[in-house]
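K.L.:
build me a model:
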Amino acid sequence: MPKAVGNKGNCLCGAVTIRGGAGHTDVGICHCAMCRRWGSGPNMALDVGKDLVIDGFESITTYRSSEWAERAFCRTCGSNLYCRIVEDDTYAVCAGLFDETGGMELTSQIFIDEKPDVFAFANETRTMTSAEVVAQYAPSGHNK
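P.N.:
Sure thing, here's the model as predicted:
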């Protein structure tokens, strides 16, 4: 049985606390240009679905980065918090926020066709191209 991870975390300054994702262990990496600009590298996130409780919501700023997703960060310290798929209200929370990360495992990479050549992860993972991600998550007729 996987170790329960992701049950509690917070931003750098502590203004935003999150709870949820216990039992979720699969970390995904996004290589899209928006994630790389957002955090100066690939975004590592734990898909927690709707299993998320946020305290300090008044300290969160959201940015609608596409027709189908929004990103959130702490307005005090600037920590990246999550990406939310708007249509089904599910969350991919930045993995580095969680206090307990020991059981997490890198299992997938998306927008793999946008990954720069400057780095590569050694883990064998599932991958999805930009077109595959858009087909799965974006409402019909929309791009990123």
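
K.L.:
so where do the strands sit in the protein?
P.N.:
Along the chain, counting by DSSP state E, strands occupy 8-10, 17-20, 26-30, 43-49, 52-55, 60-64, 69-74, 80-85, 90-94, 105-110, 126-128.

K.L.:
reformat those as a markdown table; add distance to residue 134, mean neighbour count and mean pLDDT.
P.N.:
C-betas here are computed from N, CA, C, even on glycine. Below are the strands of the chain laid out as a markdown table (distance: least, Cβ to Cβ, whole Å; neighbours: other Cβ atoms under 10 Å; pLDDT from 0 to 100):
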| stretch | distance to residue 134 | mean neighbour count | mean pLDDT |
| --- | --- | --- | --- |
| strand 8-10 | 29 | 19 | 93 |
| strand 17-20 | 27 | 19 | 90 |
| strand 26-30 | 13 | 21 | 94 |
| strand 43-49 | 17 | 21 | 92 |
| strand 52-55 | 24 | 14 | 92 |
| strand 60-64 | 16 | 13 | 97 |
| strand 69-74 | 11 | 20 | 96 |
| strand 80-85 | 12 | 21 | 95 |
| strand 90-94 | 16 | 22 | 93 |
| strand 105-110 | 10 | 17 | 95 |
| strand 126-128 | 10 | 15 | 95 |
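
K.L.:
out of the ones you listed, nearest to residue 119?
P.N.:
Ranking the strands of the chain by proximity to residue 119 (Cβ to Cβ) places strand 26-30 first, at 10.4 Å.

K.L.:
could the strands of the chain be laid out in JSON lines, adding distance to residue 138?
P.N.:
As requested, the strands of the chain are exported to JSON lines (distance: least, Cβ to Cβ, whole Å):
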{"stretch": "strand 8-10", "distance to residue 138": "28"}
{"stretch": "strand 17-20", "distance to residue 138": "25"}
{"stretch": "strand 26-30", "distance to residue 138": "14"}
{"stretch": "strand 43-49", "distance to residue 138": "17"}
{"stretch": "strand 52-55", "distance to residue 138": "22"}
{"stretch": "strand 60-64", "distance to residue 138": "13"}
{"stretch": "strand 69-74", "distance to residue 138": "9"}
{"stretch": "strand 80-85", "distance to residue 138": "10"}
{"stretch": "strand 90-94", "distance to residue 138": "14"}
{"stretch": "strand 105-110", "distance to residue 138": "13"}
{"stretch": "strand 126-128", "distance to residue 138": "13"}
